[in-house]
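K.L.:
Next one to model:
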Amino acid sequence: MYETERLIQELFNYKIDTRNIVVNQVLFDWDECKMCKSRSAMQKKYLDQIRELFEDFHITLLPLQENEIRGVKDLVKFSDLLVHPRTDYKC
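P.N.:
All right, here's what the predicted structure looks like:
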């Protein structure tokens, strides 16, 4: 989160306008396992801070993927999440 803030400030110094932030590897409402539920709760704390700190930005949450993104098919599927992000984050 702090790296993002520093990056935005640095881009601003170079007169590069930044209005979008992508948060990757977000767990969406995991009830199946204790570890995932714990990790999701931890992420919620940071996501709340991100929303507060960057309230003037468009924030997109991308879910944690089951596998690495490899090949055109996976890349197309993943990039679709940027255009049509999930809205069912419940934490």
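K.L.:
pLDDT below threshold where in the protein?
P.N.:
Along the chain, the model assigns pLDDT under 70 to residues 29-31, 87-91.
K.L.:
And the residue nearest the centre of it?
P.N.:
V23 (1.6 Å; Cα atoms, centre = their mean).
K.L.:
what's the helix or strand for the closest residue to it other than its chain neighbours?
P.N.:
Closest residue in space to V23, ignoring its immediate chain neighbours: L61 at 5.1 Å, by Cβ to Cβ, 6 or more residues apart in numbering. Bear in mind the C-beta positions are built from the backbone N, C-alpha and C, glycine included. Using DSSP states H and E, L61 sits within strand 58-63.
K.L.:
List the buried residues of that strand.
P.N.:
T60, L61, P63 (16 or more other Cβ atoms under 10 Å).
K.L.:
Could you list every helix and strand in contact with it?
P.N.:
strand 20-26, helix 34-53, helix 71-83 (3 or more Cβ pairs under 8 Å, 6 or more residues apart in numbering; DSSP states H and E).
K.L.:
Centre of the chain to that strand, how far?
P.N.:
4 Å (Cα atoms, centre = their mean, to the nearest Å).
K.L.:
Could you export the helices and strands packed on strand 58-63 as TSV, including distance to E5?
P.N.:
Rendered in TSV, the data for the helices and strands packed on strand 58-63 read as follows (distance: least, Cβ to Cβ, whole Å):
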stretch	distance to E5
strand 20-26	10
helix 34-53	7
helix 71-83	22
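K.L.:
on that earlier part again, and which of the buried residues of strand 58-63 is nearest L82?
P.N.:
For the buried residues of strand 58-63, the closest approach to L82 (Cβ to Cβ) belongs to T60, at 6.3 Å.
K.L.:
where's the closest one relative to T4, distance?
P.N.:
Taking Cβ to Cβ, to the nearest Å as the measure, T60 falls 13 Å from T4.
K.L.:
Give the intersection of the neighbour lists for the two.
P.N.:
With contacts defined as Cβ atoms under 8 Å, 6 or more residues apart in numbering, the residues adjacent to both T60 and T4 are I21.
K.L.:
circling back: so for I8, which of the helices and strands packed on strand 58-63 sits nearest?
P.N.:
Counting by Cβ to Cβ, I8 lies closest to strand 20-26 out of these; the figure is 8.1 Å.
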